[in-house]
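Trainee: here is a sequence with its predicted model. Questions after.
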Amino acid sequence: MNFGVLPARAIAFQILFLLVAIALEALILHRRLPFDYKTSVRYAATINMLSTFLGWVIFFNVQQLLPEDLRIQLISFFFFERFFSNAWEGGMPPMLVVTALGVFFGVIIAEYQALTILEFMLETRKPQEQSETILKSRDRFKFRRLEQGGILFKKNDRAYTLLVANSLSFSAVLVVLLFRWLDQTYFR
Amino acid sequence: MDFITRTIGFLIGLAPPLVLTILGIAALGVISLFAFRFLVLQKFFGELGGILKDLFGLVIPKKWDSPKTIILLGAFSWAVSLLVGSVVQSIIAFCGWIFLIAGVHWIMHDEKELKKILTINQIFIGPWLTGALICYFLFGTTEGIPPIAFVIWPGLSAVIAGLPKFIGSDAATQVPIWVKPKPGDRQYLVNLALINLLLSCWIQLGFTTRQWLADYPTLEYADFRNSPFMFQWDANPQASSRGVEALSRAEAEFKRNLQGQSWSQVERWLLEFDDQLGRLGESVLNQMSKARENSYWRISGQILPGEYNVQLFSVWEGPSANAEGFYYTQTCQISRVAPVDVAGQSSTTVAPLPQVGNAKVQCGPIEGPIAGQPEPRAS
């Protein structure tokens, strides 16, 4: 077997992004849901790995079904980070944006389902009142400013929490990608 | 005379004890030699026995229900399977594999020393070894191990690693039964499964990119230094040999078309240069080994000034790191010669060239790879 070219950088980036996402999402989960530190890190790890796994499964299936012209675009982007100039070239950036948006909301939905199922499986779901008290006792000082500022959000709302958490982690990943782009463009 | 007979008599009388003595010494020697040899042999066999005993101690199980029994059964099955024919052999080898896998899995848990060696960072890697064995058993063939074996390996190992949490023992009868894992273990099990599924995905990603490279072999010679996802272990600066191959096939085809043709045919061929070259390129790409990338190779050419210089190109129009592609080029000269020269025989008489001579094609070396696309030169 010839190990000439391997997607090692893809795997390295994935590990980095997973770590960033797990750390940030655990922070948000801990702040907004009644989990202690350890639990929120574990839950964040689980839901992130699950959504990543689902993403890979979809990717592997879709790349086989793509028409040849689109597939060469995918290969070109994967190998060289540039689009290949054929009939699809002009359509690629919008397609990429739509795909990224789809990934974002897909990940939120997947993580929401995953979190619900996980709590059901682990039998750790606490009754509503108990979570309320935990949250109340915890953020006596946090979020007061936000509440006074009039931003409307419900406590102990999973979907909203995951939206916030994923917005944060995706933004962080974008910042990392921005650094990479700066490094590639100006520091070489 | 008498003296002599007496002496002989004396000597004969002397002989028996002498012979006896000699025989005695010899016997003693032989006996001592044997005794010495015997001692050596005894020592040797003693040592050998000790080693064998230690060896057997390692191999032979102390009690019958031990992993060594099963591994030995596996080895025994293998030995027996060598003796018999095809179908029976596969059946016995099959059983042998199952014995071996079960035994190896058991011995990794049974032997404390082994378990200590196999525990890295408090993670016991035994299940992954068993998983590798099972994958090899299930999918391995004489030709090699197919990708599916590698892809399934982490997932299967996770199942093996997690299985003990699903098995409890019945309180009353002490019989093992399936149980729901304890709530404390479930988080561990979920994360174990997910980590291994991710590993499977990464292995699959490796195979997917291999498939891409198999469809587009020229890409493997590209520059991956700035690639976001791929990493090149051994720098491979020389570009694709497929471009060289295409061009040398084009050269051969070009020569087949023109070599030895009459000069007027050559001129007609050159008049229809674009059409002819299109046909030539098509047949060249059909000759090359089938790959999806073939549609991204193009054979083109141009007629240079002079009588007649033809430049051939094999152009890569597929994806590349610099977005421009690259090409190889080669210049061929068509000259008019006497028929004998084409056949390779030297003519002794220096005859003037006939009015209508034959064409001889000589091609220069292949240059490239040159980045970008070939620019048409004014002809």
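Mentor: Great, that's in hand.
Trainee: what segments of chain A are strands?
Mentor: Here chain A has its strands, by DSSP state E, at A:5-6.
Trainee: got the residues of it near chain B?
Mentor: A:3-11, A:13-14, A:42, A:45-46, A:49-50, A:52-53, A:56-57, A:60, A:63, A:68, A:72, A:75-76, A:78-82, A:84-85, A:118, A:121-124, A:180, A:184 (C-beta under 8 Å from any C-beta of the partner chain). In short, each C-beta sits where N, CA and C put it, glycine included.
Trainee: same thing but at 6 Å, please
Mentor: A:3, A:5-11, A:42, A:46, A:49-50, A:53, A:56, A:75-76, A:78-82, A:84, A:121-123 (C-beta under 6 Å from any C-beta of the partner chain).
Trainee: buried ones among these?
Mentor: A:5-8, A:10-11, A:42, A:46, A:49-50, A:53, A:56, A:75-76, A:78-80, A:82, A:84, A:121-122 (16 or more other C-beta atoms under 10 Å in any protein chain shown).
Trainee: for chain A, what are the nearby residues on chain B?
Mentor: Contact residues (C-beta under 6 Å from any C-beta) of chain B with chain A: B:183, B:186-187, B:190-191, B:194, B:197-198, B:201-202, B:205-206, B:209, B:212, B:227-233, B:319, B:321, B:323.
Trainee: buried subset of those?
Mentor: The neighbour-count criterion (16+ other C-beta under 10 Å) marks B:186-187, B:190-191, B:194, B:197-198, B:201-202, B:205-206, B:209, B:212, B:227-230, B:232, B:319, B:321 among those as buried.
Trainee: narrow the residues you listed to those in strands?
Mentor: Residues of those located in strands (DSSP E): B:Gln232.
Trainee: which residues of the stretch 251-379 of chain B fall in helices?
Mentor: B:263-271, B:273-287, B:339-343 (DSSP state H, counting those that start in this stretch).
Trainee: same deal with chain A?
Mentor: Assigned by DSSP state H, the helices in chain A fall at A:8-32, A:37-65, A:68-80, A:92-122, A:128-138, A:144-148, A:158-186.
Trainee: pretty sure B:Val337 sits against B:Ala359.
Mentor: No. Assessed by C-beta atoms under 6 Å, B:Val337 is found out of contact with B:Ala359, at 7.7 Å.
Trainee: those two: which has the busier surroundings?
Mentor: A count of neighbours by other C-beta atoms under 10 Å in any protein chain shown puts B:Ala359 above the other of B:Val337 and B:Ala359, at 23 against 15.
Trainee: any idea how far the nearest residue to that one once chain neighbours are set aside is from A:Phe17?
Mentor: In space, and not counting its chain neighbours, B:Ala359 is closest to B:Val266: 4.5 Å by C-beta to C-beta, 6 or more residues apart in numbering or on different chains. B:Val266 is 63 Å from A:Phe17, where distance means C-beta to C-beta, to the nearest Å.
Trainee: A:Phe35 now?
Mentor: For A:Phe35, the distance to A:Phe17 (C-beta to C-beta) stands at 22 Å.
Trainee: which of these two has more neighbours?
Mentor: Neighbour totals were compared for A:Phe35 and A:Phe17, and A:Phe35 leads with 21 against 18 (other C-beta under 10 Å).
Trainee: by mean pLDDT, point me to the weakest helix or strand of chain A.
Mentor: When each helix and strand of chain A is scored by mean pLDDT, DSSP states H and E, helix A:144-148 comes last, with a mean of 51.
Trainee: identify the residues contacting B:Glu253.
Mentor: Contact partners of B:Glu253, counting by C-beta atoms under 6 Å, 6 or more residues apart in numbering or on different chains, are B:Leu280, B:Val284.
Trainee: and the residue of the stretch 51-200 of chain B that's closest to chain A?
Mentor: B:Leu194 (3.9 Å; C-beta to the nearest C-beta).
Trainee: tell me the pLDDT of that residue.
Mentor: For B:Leu194, the pLDDT comes out at 91.
Trainee: distance of the residue nearest to it when sequence neighbours are not counted relative to A:Phe105?
Mentor: Take B:Leu194 and drop its neighbours on the chain: the residue closest to it by C-beta to C-beta, 6+ apart is A:Met49, 3.9 Å away. Computed as C-beta to C-beta, the A:Met49 to A:Phe105 distance reads 19 Å.
Trainee: which parts of the stretch 1-150 of chain B are strands?
Mentor: Along the stretch 1-150 of chain B, the stretches classed as strands by DSSP state E, counting those that start in this stretch are B:119-120, B:123-124.
Trainee: let's have those in CSV, adding mean neighbour count and mean pLDDT.
Mentor: Shown next, in CSV, are those (neighbours: other C-beta atoms under 10 Å in any protein chain shown; pLDDT from 0 to 100):
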stretch, mean neighbour count, mean pLDDT
strand B:119-120, 10, 76
strand B:123-124, 13, 78
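Trainee: those: which one's closest to B:Ala75?
Mentor: When the strands of the stretch 1-150 of chain B are compared by C-beta to C-beta, strand B:123-124 sits nearest B:Ala75, at 25.1 Å.
Trainee: off-centre distance for the closest one?
Mentor: On the basis of C-alpha atoms, centre = their mean, to the nearest Å, strand B:123-124 is displaced by 30 Å from the centre of the chain it belongs to.
Trainee: can you tell me what sits against that strand?
Mentor: The contact list for strand B:123-124 (C-beta under 6 Å, 6+ apart) is empty.
Trainee: so what strands line up beside it?
Mentor: strand B:119-120 (antiparallel) (DSSP bridges).
Trainee: what sits up against the strand it pairs with?
Mentor: By C-beta under 6 Å, 6+ apart, strand B:119-120 touches no other residue.
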